[in-house]
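Asks: everything below, folded, please.
(one chain, ligands or ions: 1)
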Amino acid sequence: MAKGLPKQEEDFPAWYQAVVRDAGMAENGLARGTMVIKPHGYAIWEFVQRALDDRFKATGHENLYFPMFIPQHLLEKEAEHVEGFAPELAVVTIGGGEVLEEPLVIRPTSETVIWNTYANWIQSYRDLPLLYNQWCNVVRWEKRSRLFLRTTEFLWQEGHTAHATSDEAWEETLRMLEVYREVAEDVLAIPVLKGRKSASERFPGAVETLPIEGLMRDRKALQCGTSHFLGQNFATAYDVTFLNEAGEQDHPWATSWGFSTRMIGATIMAHGDDKGLRLPPAVAPVQVVIIPIYRNDDERGAVLVAADKAKAALAGNGIRVRIDDRDQHRPGFKFSEWELKGVPIRLEIGPRDVEADQVIAVDRLTGEKKTLTSGQVTSQMVGILDGLQKGLFADALAFRTANTHEAGDFDTLRSGLIDEGGFWTGSWCGDEACEQKVSGETSATIRVLPLEPEDPGAPCAVCGKAGTERATWAKAY
Ligand SMILES: [Zn+2]
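Replies: Prediction:
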């Protein structure tokens with residue numbers, strides 16, 4: 001239990017570390033760079049899984065599962081892909097006490113093994129599309145880890161689809177990006193920007209990488225999910241061909257898309273305050289906590305009867321509710337502990353409330369106290385939680401709006417990114433030299449480019465030559 005968290009404004013990384021630890025979200029694993037996800041963190045992941053999986057199914061996808069071991073030679077077939085992932089690979093060279101004939105790579109992502117397998121599954125246009133997803137762990141060796149944001153092993157889903165035409169694959173890439181936006185915004189209450197990555201930020205082997213990007217409360221951006229248009233690159237590398245409707249041999253078009261446990265970190269950093277987590281009701285493992293308040297056994301008995309009644313009524317409405325009747329802790333201690341854990345609503349019930357047939361409700365968003373009759377607790381709580389879900393989103397959106405700026409020239413862009421943080425948008429000529437100049441001087445990167453081509457209406461904010469599109473820059477995790 002916290003003796004008081006570091007202040008966000010003073011030391012955000014220390015605040016983050018303390019919240020993750022004290023709210024019971026996760027801790028370091030025994031192997032360096034790994035993570036133990038604790039129940040309060042894992043429960044959020046389960047809600048995210050359900051929200052995503054329902055939407056995958058609704059858009060026609062099925063789940064399957066591929067092995068975590070990939071024969072090393074498979075990875076080497078797609079040149080950009082192997083080059084991009086080589087520094088992060090974990091490789092098994094010994095199995096069953098013997099040196100393996102061929103080393104096995106532990107999947108950093110599964111395009112290679114999946115496309116090599118799709119070669120046997122796809123012969124004709126009638127076999128397409130393949131709309132598959134898998135829930136799994138992946139391993140990418142990290143020298144400097146941070147819980148949820150960057151760990152050697154993490155959990156995610158990876159979708160891998162194959163299509164007969166480029167248009168279909170591009171539509172799928174956009175469709176899944178929209179699914180990610182919906183889950184980030186409607187479930188996790190994190191407003192995100194949709195867009196394209198620049199060539200230097202693309203997934204290795206992709207033709208286009210489409211991200212959603214959120215802004216954390218330290219004014220740094222976080223990539224929240226990506227949907228990749230892979231063109232025919234993997235199909236060509238793994239020799240996947242099919243007979244198209246015109247009777248000609250062709251390579252199928254591919255997409256892949258991923259969303260990971262990193263989003264638990266995003267939820268902490270997009271909503272948390274100096275008291276701890278503020279969880280969106282949609283993913284809060286406990287949505288309402290009831291704290292009974294009493295001084296002696298007589299009072300305790302009456303208060304707990306009222307608390308049980310309130311709990312049953314709320315649970316009957318599908319609300320996740322818990323009574324904290326631990327005798328060893330005083331109410332004040334419980335208040336701060338549940339605030340730290342981000343529970344959206346706290347109900348306080350004391351002897352006088354029992355007499356008046358009422359409860360005191362305190363929400364985690366505003367901290368305001370409201371008196372509700374026991375009838376109102378039952379009839380209004382679903383609406384109250386819904387309001388908090390929207391309120392949290394509105395709060396995060398207002399924060400992003402206040403921290404999104406325009407830069408017309410390099411000095412403004414440079415000093416803005418260094419001194420103020422947040423998103424900085426400006427015209428860009430498309431030249432990688434300009435991109436590198438900004439990154440070199442500020443450590444910020446282009447987070448998104450527009451999905452649709454548009455006239456930036458101004459010269460490049462870096463070099464002053466004609467602009468081709470508007471880039472949104474930020475320092476990022
Ligand atoms: Zn330029």
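Asks: and the end-to-end length of stretch 308-325?
Replies: End-to-end distance of stretch 308-325 (C-alpha to C-alpha, to the nearest Å): 11 Å.
Asks: list the buried ones in stretch 305-315?
Replies: Residues of stretch 305-315 classed as buried by neighbour count (16 or more other C-beta atoms under 10 Å): A306, A307, A310, K311, A313, L314. The way it works is simple: take the backbone N, C-alpha and C, and place the C-beta from them, glycine included.
Asks: nope, stretch 20-27 is what I meant
Replies: The neighbour-count check on stretch 20-27 (16+ other C-beta under 10 Å) flags V20, D22, A23, M25, A26 as buried.
Asks: chain center to it, what's the gap?
Replies: 17 Å (C-alpha atoms, centre = their mean, to the nearest Å).
Asks: dump that stretch to CSV, keeping only the CA atoms.
Replies: Provided in CSV are the C-alpha atoms of stretch 20-27 (Å, rounded to 0.1, in the frame of the first residue of the first chain):
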residue,chain,number,x,y,z
VAL,A,20,1.9,-0.3,-11.3
ARG,A,21,3.4,-1.8,-8.2
ASP,A,22,1.0,-0.4,-5.5
ALA,A,23,-2.2,-0.9,-7.4
GLY,A,24,-1.3,-4.5,-7.9
MET,A,25,-1.0,-4.4,-11.7
ALA,A,26,2.3,-6.2,-12.4
GLU,A,27,5.8,-6.8,-11.2
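Asks: ok, residues contacting it?
Replies: Contacts with stretch 20-27, where a contact means C-beta atoms under 8 Å, 6 or more residues apart in numbering, come from 1-2, 5, 19, 35-41, 147-148, 264-265, 268, 276-277, 340-342.
Asks: do that again at 10 Å, thanks
Replies: 1-5, 19, 28, 35-44, 146-149, 151, 261, 264-265, 267-268, 272, 276-277, 279, 337, 339-342 (C-beta atoms under 10 Å, 6 or more residues apart in numbering).
Asks: and the furthest pair within the buried residues of stretch 20-27?
Replies: Within the buried residues of stretch 20-27, D22 and A26 form the most distant pair, 11.4 Å apart (C-beta to C-beta).
Asks: what helix or strand is E213 located in?
Replies: strand 208-215 (DSSP states H and E).
Asks: just checking: what are the partner strands of that strand?
Replies: strand 192-194 (antiparallel), strand 221-231 (antiparallel) (DSSP bridges).
Asks: next one: that strand to chain centre, how far?
Replies: Relative to the chain's own centre, strand 208-215 is displaced by 11 Å; criterion: C-alpha atoms, centre = their mean.
Asks: repeat for stretch 406-417
Replies: Averaging C-alpha positions (C-alpha atoms, centre = their mean) puts stretch 406-417 29 Å from its chain's average.
Asks: ok, stretch 388-400 next?
Replies: 16 Å.
Asks: which residues touch that stretch?
Replies: Under C-beta under 10 Å, 6+ apart, the answer for stretch 388-400 is 185-193, 214-217, 219, 221, 267, 270-271, 273, 278-284, 287, 344-345, 363-366, 422-423.
Asks: of all the residues in that stretch, which ones are buried?
Replies: L388, Q389, G391, L392, F393, D395, A396, F399, R400.
Asks: interface residues of the chain facing the ion?
Replies: C429, D431, C434, C460, V462, C463 (C-beta under 5 Å from the ion).
Asks: can I get the residues you listed in CSV with pLDDT?
Replies: Output for those, formatted as CSV (pLDDT from 0 to 100):
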residue, pLDDT
C429, 96
D431, 96
C434, 97
C460, 97
V462, 97
C463, 96
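Asks: most neighbours among those, please name it.
Replies: Among those, V462 has the most neighbours (other C-beta atoms under 10 Å), with 25 neighbours.
Asks: show me what contacts that one?
Replies: So V462 contacts 407, 409-410, 413-414, 426-429, 431, 433-438, 441, 471 (C-beta under 10 Å, 6+ apart).
Asks: angles on the backbone of the nearest residue to H163 once chain neighbours are set aside, please.
Replies: Closest residue to H163 apart from its sequence neighbours, by C-beta to C-beta, 6 or more residues apart in numbering: A169 at 4.2 Å. With angles defined as degrees, to the nearest 10, A169 sits at phi -70, psi -40.
Asks: now stretch 464-476: buried residues?
Replies: Quick answer for stretch 464-476 (16+ other C-beta under 10 Å): G467, T468, E469, R470, A471, T472, W473, A474, K475, A476.
Asks: so what's the fourth one up against?
Replies: By that I understand R470. 195, 406, 425-428, 448-450, 454-458, 461.
Asks: repeat that for the last one.
Replies: A476 is in contact with 201, 213, 215-216, 220-223, 443-447, counting by C-beta under 10 Å, 6+ apart.
Asks: do you know how far the residue nearest to it when sequence neighbours are not counted is from the ion?
Replies: Spatial nearest neighbour of A476, chain neighbours left out: A221 (4.2 Å); criterion: C-beta to C-beta, 6+ apart. Separation of A221 from the ion (C-beta to the ion, to the nearest Å): 21 Å.
Asks: was I right to think A221 contacts P191?
Replies: No. With contacts defined as C-beta atoms under 10 Å, A221 does not count as touching P191, sitting 11.9 Å away.
Asks: so the two - more neighbours on which side?
Replies: Counted by other C-beta under 10 Å, A221 and P191 do not tie: A221 has more neighbours, with 26 against 22.
Asks: which ones are touching that one?
Replies: So A221 contacts 192-193, 211, 213-215, 400, 421-423, 444-445, 447-448, 472-477 (C-beta under 10 Å, 6+ apart).
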